[in-house]
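> next comes the sequence, and after it the predicted model I'd like to discuss.
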Protein chains: 2
Amino acid sequence: MTFLAGCRARQAFDLLANTWNPVGLHALRHGPRRPSELRREIGGIRPKVLTETVRRLEASGPVTRNAGRDRVEYGLTDLGRSLLDPIDALGRWAHERGDEVAQA
Amino acid sequence: MTFLAGCRARQAFDLLANTWNPVGLHALRHGPRRPSELRREIGGIRPKVLTETVRRLEASGPVTRNAGRDRVEYGLTDLGRSLLDPIDALGRWAHERGDEVAQA
């Protein structure tokens, strides 16, 4: 698999270039959530940042917004669900070796 | 695996937040390379950007710099090699579905 400067892989990494994006996708792994539920799941995220994150993910395709009479929910699209495995692979790596990056 | 705002996973994603980082790591997968070799492997990267990338990766731990009498080479540390699998997982995803992100 070749990695060239202007290639598709860069689009994927661009999607993860904002560190809240994978966190947001991961928080939707068990199904649609309301913003308040997402804020509880993602400790430390400010409401404004959460709104920006889900809108960015909605615009690029991995997330969909469902507005009901009295509630809004965000959920993963098929594209979003397909991202969970690579995100988990990176999350596992971070869990095992993330500290070494911090100490460098 | 919980993803919390200030957690290790974010350090890993921060490492990949600059889209040249995974490209640089991937280009070193077959062993140490000189800057000129890296530029050939990574189509489209400007020398200045390459230098910034390898220095950033050296500072955070995944890459090491070996300066010989008349040449400089960059290579992966053990930490860097351990990142290749998650990077490949994301690269495969991009290859298969990267176009859908662009169209969103």
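Now that the structure is in, tell me what you want to look at.
> tell me the average confidence for the strand or helix carrying A:H26?
With elements taken from DSSP states H and E, the one containing A:H26 is helix A:20-27. Averaged across helix A:20-27, pLDDT comes to 92.
> give me the contact list for that helix.
Helix A:20-27 is contacted from outside by A:15-16, A:33, A:38, A:41-42, A:45, A:49-50, A:52-54, A:56-57, A:62-63, A:76, A:80, A:83-84, A:87-88, A:90-91, B:3, B:5, B:9-10, B:13, using Cβ atoms under 8 Å, 6 or more residues apart in numbering or on different chains. The way it works is simple: take the backbone N, C-alpha and C, and place the C-beta from them, glycine included.
> which of those residues fall within strands?
Residues of the contacts of helix A:20-27 located in strands (DSSP state E): A:V63, A:L76.
> sitting in helices, which of the contacts of helix A:20-27 do you find?
Among the contacts of helix A:20-27, the ones falling in helices (DSSP state H) are A:15, A:38, A:41, A:49-50, A:52-54, A:56-57, A:80, A:83-84, A:87-88, A:90-91, B:9-10, B:13.
> among these, which ones are buried?
Taking 16 or more other Cβ atoms under 10 Å in any protein chain shown as the criterion, what is buried in the ones in helices among the contacts of helix A:20-27 is A:15, A:38, A:41, A:49-50, A:53-54, A:56-57, A:80, A:83-84, A:87-88, A:90-91, B:9-10, B:13.
> for B:D85, see how far away A:D70 is.
For A:D70, the distance to B:D85 equals 45 Å [Cβ to Cβ, to the nearest Å].
> neighbour count: those two, which is higher?
Between A:D70 and B:D85, counted using other Cβ atoms under 10 Å in any protein chain shown, B:D85 has the larger neighbour count: 13 against 5.
> need the nearest residue in space to that one, chain neighbours excluded.
Among residues not flanking B:D85 along the chain, A:A89 sits closest, at 6.5 Å (Cβ to Cβ, 6 or more residues apart in numbering or on different chains).
> make sure that neighbour is actually in contact with B:S82.
No - A:A89 is beyond contact range of B:S82, at 11.3 Å (criterion: Cβ atoms under 8 Å).
> so who does the closest residue to A:P47 other than its chain neighbours touch?
The shortest distance from A:P47 to any non-neighbouring residue, by Cβ to Cβ, 6+ apart, is to A:R39 (6.6 Å). Listed by Cβ under 8 Å, 6+ apart, the contact partners of A:R39 are A:I45, A:P47, A:L50.
> closest to chain B out of the residues you listed?
Distance to chain B, by Cβ to the nearest Cβ, is smallest for A:I45 among the contacts of A:R39, at 5.4 Å.
> how many residues are close by the closest one?
For A:I45, using other Cβ under 10 Å, the count is 20.
> phi, psi for it please.
phi -90, psi 130 (degrees, to the nearest 10).
> which regions of chain A lie under the pLDDT threshold?
Applying pLDDT under 70 to chain A flags the ranges A:1-11, A:102-104.
> ok, back up a step: make a markdown table from the contacts of A:R39 and add distance to A:D99 to it.
Output for the contacts of A:R39, formatted as a markdown table (distance: Cβ to Cβ, whole Å):
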| residue | distance to A:D99 |
| --- | --- |
| A:I45 | 22 |
| A:P47 | 30 |
| A:L50 | 27 |
